[in-house]
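[1] Sequence and predicted structure, then a few things I'm wondering about:
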Amino acid sequence: MNAAVAVARRRWRRIVVCVVAVFFVYQTVIGTLLVLGLGGRPNFVRVYPVWENARRIVALTPAASDVIVLLSREPIVEYGRLHPQFGAAVWSFELTWSSLLFYVSFSALLGIALALHGGAAGWSGLGSLGGAGLVGLLGASVSSLTHCGLGSFGVLLSIAGISSATIQWFGRLEPVLIPAGYLLLVAAIVGRFRVQGRVRVEA
């Protein structure tokens, strides 16, 4: 019994470590992309009074559905680069409640998948389902980026030099990519649980 508890604890520790690592690596990649692709290191950070803003929204918005929408778009923290002469934002990254939920849920799914496959398996251990889910989520997960009025995946495409027509075309795919990516990652995790269950039964 003690051995089983120890194994379970090690697994949960591995999962927590993987989830936290994925979250911070993900944010580091986004920050690096902005610095290299849009030009210049960040020179400002703005922390918003989230609780005060939330209380104001709840108090002044009669419809509960509107409250949820407004709260989801409310910024938590923003960092970016201001033009040294004009003071306008060259680029910025704004973390809202909805984007935080996305990043946390993404990190949780990918972290669990990585932890279940163990350190030796690495990225290749995710399998085809997990890999497809990862591609789908990464391809549609930059909605917190802003640059000259562009939003979402269009920012990443514009940095890569893709035409505006292609950016508009891909924008129509984003609502499909995000849920598809989630479903594929969940399927990869469920499949790994089933494989591990069969191994225990056979053992």
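    Okay, I see it.
[2] quick one, strands of the protein?
    Under the criterion DSSP state E, strands of the chain are mapped to 44-47, 75-82, 89-96, 145-147, 150-151.
[3] I'd like to know which helix or strand in the protein has the lowest mean pLDDT.
    Least confident helix or strand of the chain, by mean pLDDT, DSSP states H and E, is strand 150-151 with a mean of 42.
[4] picking up where we left off before, nearest to L60, of the strands of the chain?
    strand 75-82 (17.6 Å; CB to CB). Bear in mind the C-beta positions are built from the backbone N, C-alpha and C, glycine included.
[5] quick one on the thing from earlier: of the strands of the chain, which stretch is the most buried?
    Across the strands of the chain, averaging neighbours per residue (mean count of other CB atoms under 10 Å) puts strand 145-147 on top, at a mean of 22.
[6] what about this structure, any weak spots by pLDDT?
    Filtered on pLDDT under 70, the chain yields the residue ranges 1, 3-4, 118-171, 173-174, 195-203.
[7] tell me which residues of the lengthiest helix in it are tucked away?
    Counting residues, the longest helix in the chain under DSSP state H turns out to be helix 2-38. Within helix 2-38, the residues scored as buried using 16 or more other CB atoms under 10 Å are R14, I15, C18, V19, V22, F23, Y26, I30, L33, L34, L38.
[8] Compile these into JSON lines and extend it with columns for distance to L109.
    JSON lines is the format used below for the buried residues of helix 2-38 (distance: CB to CB, whole Å):
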{"residue": "R14", "distance to L109": "15"}
{"residue": "I15", "distance to L109": "11"}
{"residue": "C18", "distance to L109": "11"}
{"residue": "V19", "distance to L109": "9"}
{"residue": "V22", "distance to L109": "9"}
{"residue": "F23", "distance to L109": "11"}
{"residue": "Y26", "distance to L109": "12"}
{"residue": "I30", "distance to L109": "17"}
{"residue": "L33", "distance to L109": "21"}
{"residue": "L34", "distance to L109": "24"}
{"residue": "L38", "distance to L109": "28"}
